[in-house]
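Undergrad: Below is the sequence, then the predicted model.
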Amino acid sequence: MGKVITFLKLLPKVHQLLLCFLVLVTIIALLLPSSDSDTSQGSHSKLSGTLDLGNGASSNSSAQGDNSERLKTPLAFRKPTPPESPLQLKANETSNTTTEPDADADAQAPANRHIKQFEVERGDTLASLFNRAGLSSRDVYEITLLPKAKKNLLKIMPGDEIIIVKDDAGDLLEVNYHINPISTLIIERSDKGYSEHISDKKVESRNKFASATISSNFWNAAVNADLTPNQIMQLATIFGWDIDFALDIREGDNFSIIFEEEYADGEFLRNGNILAAEFSNQGDRYTAVRYTDGNYYSEDGRSMRKAFLRSPVDFKYVSSSFNPRRLHPVTGQVRAHRGVDYVAAVGTPIKAAGKGRVIKSAYNQYNGNYVFIKHNDTYTTKYLHLKKRKVKQGATVKQGQIIGTLGSTGRVTGAHLHYEFIVNGTHRNPRTVKLPKSLPIANAEKANFLALSKQIMTKLQQNKQIQLASSQ
């Protein structure tokens, strides 16, 4: 080494510098392959690393151990590792995306339905109710474009109920509105917008029997038989051509009926029509059967609707009956009372007793406001002391049509209707006169009606026997 140094000192200065430069370059050249090999080894280990789909961290540890061993081997003597095959790359991608289907399934899961019921309050509109429900004016606008929704929801009344259904985000999914106990309007939102339809409950009719014997009055007996006020009035109307329910009812009279009850999805809705009825009054038996045309006939097929009403007003009592030798309450003289005075509240409607033509509608100091109706060449009826007249002379009226209201005009002592019934020019007692018989059911329908009548009247008699047996 000393000789090398002595040799260097003997060289010219320029040669010494050149030799030092060469030595320096050689040292750098020897050092650079080592750094490159480290870099090459790191990148090569990334490309040629073994993929383990199941071992996790243990595979990584083993790979790191292999790499550290490979770093000790010179680059020239290392065995190259082939790159990953397409199958391995595909397996790697599959492994990295195994959780994605679960995320998609969660996204497609149905939203929760949050249901809340709102009652329409006084002064509410659809917009104010939707605002209370947390919905927008846009929802109101789009819903009211639907014809059924516009017809029903813009007429909501206090006490009505509307059901609002939302999703988790608070967006409207569905609106339910009960139009009536049977029908419900349903509005639904989808990707295509709003749609509507009406859902109807299934209505079922059931027959029910009721019967009672009169001890004090007809009304109380009917109430005790669990009939509603509407059913009581319906029964009185059916037999009103034959029985005067204010004057003819006696203790011991009895009645039996079969009527409909309507149920929707098993829940009671309302009472329906009376299908058959029997009424015993002062020993006389009257029957009524409802036919498919909606009219009532006796069990043998004669119409219950007579040519004339027995009384043309719903009255409280009779203040003066038909009497040819009555003492007049105002003049004090004996003067025939050729009609019946019915007392009721002022303004009570007066009905035409039968179909006919108004031959007089006027006022005078004795009769007050009065109306005369000619029904045919045989029958004429007169109505006196009306508060108001609602028909004009020459008009044609139907049976039951309102022709005026009860009052106290003319020479009277109190409000009442004076009613006269004239047959062939002779005054007859309206309460006892024999009225013309009604027409029978059409011949084409008679066989069908008689079959129906026999069936339902037999059922009514059976129910009467069952009730009688159970009460003993």
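TA: That came in fine, so what should we check first?
Undergrad: And the helix or strand where residue 175 lies, what does it pack against?
TA: Following DSSP states H and E, one finds residue 175 within strand 172-178. Based on contacts counted as 3 or more CB pairs under 8 Å, 6 or more residues apart in numbering; DSSP states H and E, the elements that strand 172-178 packs against are helix 147-153, strand 161-166, strand 183-190. The way it works is simple: take the backbone N, C-alpha and C, and place the C-beta from them, glycine included.
Undergrad: Which one, of these, ends up nearest to residue 313?
TA: strand 183-190 (38.4 Å; CB to CB).
Undergrad: tell me the average confidence for that closest one?
TA: For strand 183-190, the per-residue pLDDT values average out at 91.
Undergrad: Each with direction, which strands does that strand pair with?
TA: Take DSSP bridges as the rule and strand 183-190 pairs in its sheet with strand 172-178 (antiparallel), strand 193-200 (antiparallel).
Undergrad: how far away is the closest residue to residue 142 other than its chain neighbours from residue 200?
TA: Once flanking residues are discounted, residue 142 sits nearest to residue 194: 5.6 Å by CB to CB, 6 or more residues apart in numbering. Plainly put, residue 194 is 21 Å away from residue 200 if you go by CB to CB, to the nearest Å.
Undergrad: the more surrounded of those two?
TA: A count of neighbours by other CB atoms under 10 Å puts residue 194 above the other of residue 194 and residue 200, at 18 against 11.
Undergrad: hang on, isn't that one packed against residue 143?
TA: Yes - counting by CB atoms under 8 Å, residue 194 does reach residue 143; the two are 5.9 Å apart.
Undergrad: where do the contact lists of the two overlap?
TA: Applying CB atoms under 8 Å, 6 or more residues apart in numbering, one finds that residue 194 and residue 143 are jointly contacted by residue 187.
Undergrad: burial measure for residue 322, as a count.
TA: Each residue near residue 322 was counted by other CB under 10 Å, and the total is 22.
Undergrad: tell me which element residue 16 is part of?
TA: helix 13-47.
Undergrad: Sorry, wrong one. I was asking about residue 369.
TA: Counting by DSSP H and E, residue 369 is part of strand 368-374.
Undergrad: Equivalent analysis for residue 207, please.
TA: Per DSSP H and E, residue 207 falls inside strand 203-213.
Undergrad: With just CA atoms, put stretch 149-168 into PDB.
TA: Listed in PDB are the C-alpha atoms of stretch 149-168, where the atom choice follows Å, rounded to 0.1, in the frame of the first residue of the first chain:
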ATOM      1  CA  ALA A 149    -109.900  13.500  -4.900                       C
ATOM      2  CA  LYS A 150    -111.100  16.900  -6.200                       C
ATOM      3  CA  LYS A 151    -114.700  15.900  -5.700                       C
ATOM      4  CA  ASN A 152    -114.300  14.500  -2.200                       C
ATOM      5  CA  LEU A 153    -111.300  16.100  -0.500                       C
ATOM      6  CA  LEU A 154    -112.300  19.700  -1.300                       C
ATOM      7  CA  LYS A 155    -115.500  19.200   0.600                       C
ATOM      8  CA  ILE A 156    -114.100  17.800   3.800                       C
ATOM      9  CA  MET A 157    -116.200  18.600   6.900                       C
ATOM     10  CA  PRO A 158    -115.300  18.900  10.600                       C
ATOM     11  CA  GLY A 159    -115.200  15.400  12.200                       C
ATOM     12  CA  ASP A 160    -114.000  13.700   8.900                       C
ATOM     13  CA  GLU A 161    -110.900  11.600   9.200                       C
ATOM     14  CA  ILE A 162    -108.000  11.400   6.800                       C
ATOM     15  CA  ILE A 163    -105.200   8.900   7.100                       C
ATOM     16  CA  ILE A 164    -101.700  10.000   6.000                       C
ATOM     17  CA  VAL A 165     -98.900   7.400   5.200                       C
ATOM     18  CA  LYS A 166     -95.300   8.600   4.900                       C
ATOM     19  CA  ASP A 167     -91.900   6.900   4.300                       C
ATOM     20  CA  ASP A 168     -88.800   7.200   6.500                       C
END
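Undergrad: starting at the chain centroid, how far to it?
TA: Between the centre of stretch 149-168 and the centre of its host chain there is 11 Å, according to CA atoms, centre = their mean, to the nearest Å.
Undergrad: same check, this time on stretch 310-323
TA: In terms of CA atoms, centre = their mean, the centre of stretch 310-323 is set 44 Å apart from its chain centre.
Undergrad: from now on call the first residue 171
TA: From this message on, residue numbering opens at 171, which makes the last subject stretch 480-493.
Undergrad: Sketch out the low-pLDDT regions of the stretch 521-642 of the chain for me.
TA: Residues of the stretch 521-642 of the chain meeting the criterion pLDDT under 70: none.
Undergrad: got the buried residues for the longest strand along the chain?
TA: In the chain, taking DSSP state E as the definition, the longest strand is strand 437-451. For strand 437-451, the neighbour count (16 or more other CB atoms under 10 Å) marks 439, 441-442, 444-449, 451 as buried.
Undergrad: Same list (those residues) but as JSON lines, adding pLDDT and distance to residue 637.
TA: Listed next are the buried residues of strand 437-451 as JSON lines, based on pLDDT from 0 to 100; distance: CB to CB, whole Å:
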{"residue": "439", "pLDDT": "88", "distance to residue 637": "25"}
{"residue": "441", "pLDDT": "92", "distance to residue 637": "19"}
{"residue": "442", "pLDDT": "92", "distance to residue 637": "21"}
{"residue": "444", "pLDDT": "96", "distance to residue 637": "17"}
{"residue": "445", "pLDDT": "96", "distance to residue 637": "17"}
{"residue": "446", "pLDDT": "97", "distance to residue 637": "15"}
{"residue": "447", "pLDDT": "97", "distance to residue 637": "15"}
{"residue": "448", "pLDDT": "97", "distance to residue 637": "13"}
{"residue": "449", "pLDDT": "97", "distance to residue 637": "16"}
{"residue": "451", "pLDDT": "94", "distance to residue 637": "20"}
